[in-house]
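Chemist: Just the structure for this:
(one chain, ligands or ions: 1)
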Amino acid sequence: MSPTISTEDLRLRYRNTTALDGVTLSLDGPGIYGLIGRNGSGKTSLMSVLAGFRRATGGAVRVNDQPVFENPRVTPQICLIRGGGDTVEYDFRSRVKDALRLAADLRPNWDADYAGELVRQFGISQRKRVGHLSTGQRSALASVLGLASRAPVTLLDETYLGMDAPTRYAFYDEVLRDFMAHPRMLVISSHLVDELSPLLERVVLIDQGQLLLNEDAETLRGRGAAVSGPADEVADFVSGRTVLNERRLGRSASVVVYGELTESERVRAKESGLDLEPVPLQDLFVHLTGGETR
Ligand SMILES: Nc1ncnc2c1ncn2[C@@H]1O[C@H](COP(=O)(O)OP(=O)(O)OP(=O)(O)O)[C@@H](O)[C@H]1O
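Modeler: The predicted structure is shown next:
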């Protein structure tokens, strides 16, 4: 069965805070989906409801066409992993090898050989206690548990927290490699959009508990352009457009603009000796969610 997620008018309130405010979302089929949003936008809340960790305050949520909360027919198909060690997948007092053994018992599609290979790759000793791992190592272990679960719906909630850059990039490579070998639904939440964007097929952007967009990543990158070349020509070309980002290096400039370019504008850019690249998702993210700071 092809994995699916669908929510309708999903709402979640904690006491005085509305974390999800009428989210209607549909994700269909295997893919690497980026759940993007600023701090406090509702990513963790959404994932918690999708995994059945929390009951929604209102609206509907279905995974693989089943209601999720307290539904043992679907929860084994969903694996939610949180970064930085804040996860229910292991006990801090247990050793890494015991955490792997527990996952083998809990996860119907668990791949023990793959898990063993990954912990070696991330330099995690199976004899160490989980609580004695560094934050980055614990995030790496959590990511191993997520990937080796091979759950049809795997939700990785900022699992890169505390990982250094080489470990993060090794993790991204591994996500891609394993997804190609075992296509499934991988939803990865992050605000490190630049790093994540080469992986993403689809982007789900939430802001203040609401869905801003759910779009194919290529289409999204076409919503603007990075224009570079001689500074004067660039300035002339982008005049009157919404500028998301600009850099100047000597007589050259690179400016990211929002808004699709027509075919004749693309021809004109080429004739003026300008290079056009798709817009970086990070710039779109900052623009669509209201600038650097709120
Ligand atoms: N247990 C809780 N009790 C009360 N409010 C909460 C609780 N958990 C989250 N919130 C609030 O709900 C909103 C959404 O939080 P959530 O953790 O889902 O955001 P997020 O997008 O995952 O943020 P971040 O990127 O910082 O992890 C925030 O305003 C947050 O303060």
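
Chemist: ok, residues contacting stretch 284-291?
Modeler: Contact partners of stretch 284-291, identified using C-beta atoms under 8 Å, 6 or more residues apart in numbering, comprise 36-38, 41, 191, 193, 205, 207, 212-213, 220-221, 223-224, 242, 244, 258, 292. Yep, even glycine has a C-beta here, placed from its N, CA and C like the rest.

Chemist: Kindly report the same for stretch 192-206.
Modeler: By C-beta under 8 Å, 6+ apart, stretch 192-206 touches 23, 25, 27, 31-37, 41-43, 46, 160, 168-169, 172, 175-176, 187-188, 190, 211-217, 220, 280-282, 285, 288-289.

Chemist: Point out where this protein drops to low pLDDT.
Modeler: Low-confidence segments of the chain (pLDDT under 70): 84-90, 291-294.

Chemist: Domain ranges for it, per the record?
Modeler: Split into domains by the TED database, the chain comes to 4-219, 224-278.

Chemist: Present those domains as CSV; the columns should include mean neighbour count.
Modeler: Shown next, in CSV, are those (neighbours: other C-beta atoms under 10 Å):
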stretch, mean neighbour count
domain 4-219, 18
domain 224-278, 15
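
Chemist: So for the ligand, which of those sits nearest?
Modeler: The minimum distance between the ligand and those falls on domain 4-219, with 3.3 Å, by C-beta to the nearest ligand atom.

Chemist: Which residues of the stretch 151-294 of the chain lie near the ligand?
Modeler: His191 (C-beta under 6 Å from any ligand atom).

Chemist: residue boundaries of the helices in the stretch 151-294 of the chain?
Modeler: Remark: helices assigned in the stretch 151-294 of the chain by DSSP state H, counting those that start in this stretch are 165-181, 193-196, 217-221, 231-238, 263-271, 281-288.

Chemist: I'd like the ones you listed as JSON lines, with distance to Pro76 appended.
Modeler: Shown next, in JSON lines, are the helices of the stretch 151-294 of the chain (distance: least, C-beta to C-beta, whole Å):
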{"stretch": "helix 165-181", "distance to Pro76": "19"}
{"stretch": "helix 193-196", "distance to Pro76": "27"}
{"stretch": "helix 217-221", "distance to Pro76": "30"}
{"stretch": "helix 231-238", "distance to Pro76": "52"}
{"stretch": "helix 263-271", "distance to Pro76": "49"}
{"stretch": "helix 281-288", "distance to Pro76": "33"}
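
Chemist: Out of those helices, which is closest to Ala103?
Modeler: Proximity to Ala103 (C-beta to C-beta) singles out helix 165-181 among the helices of the stretch 151-294 of the chain, at 15.4 Å.
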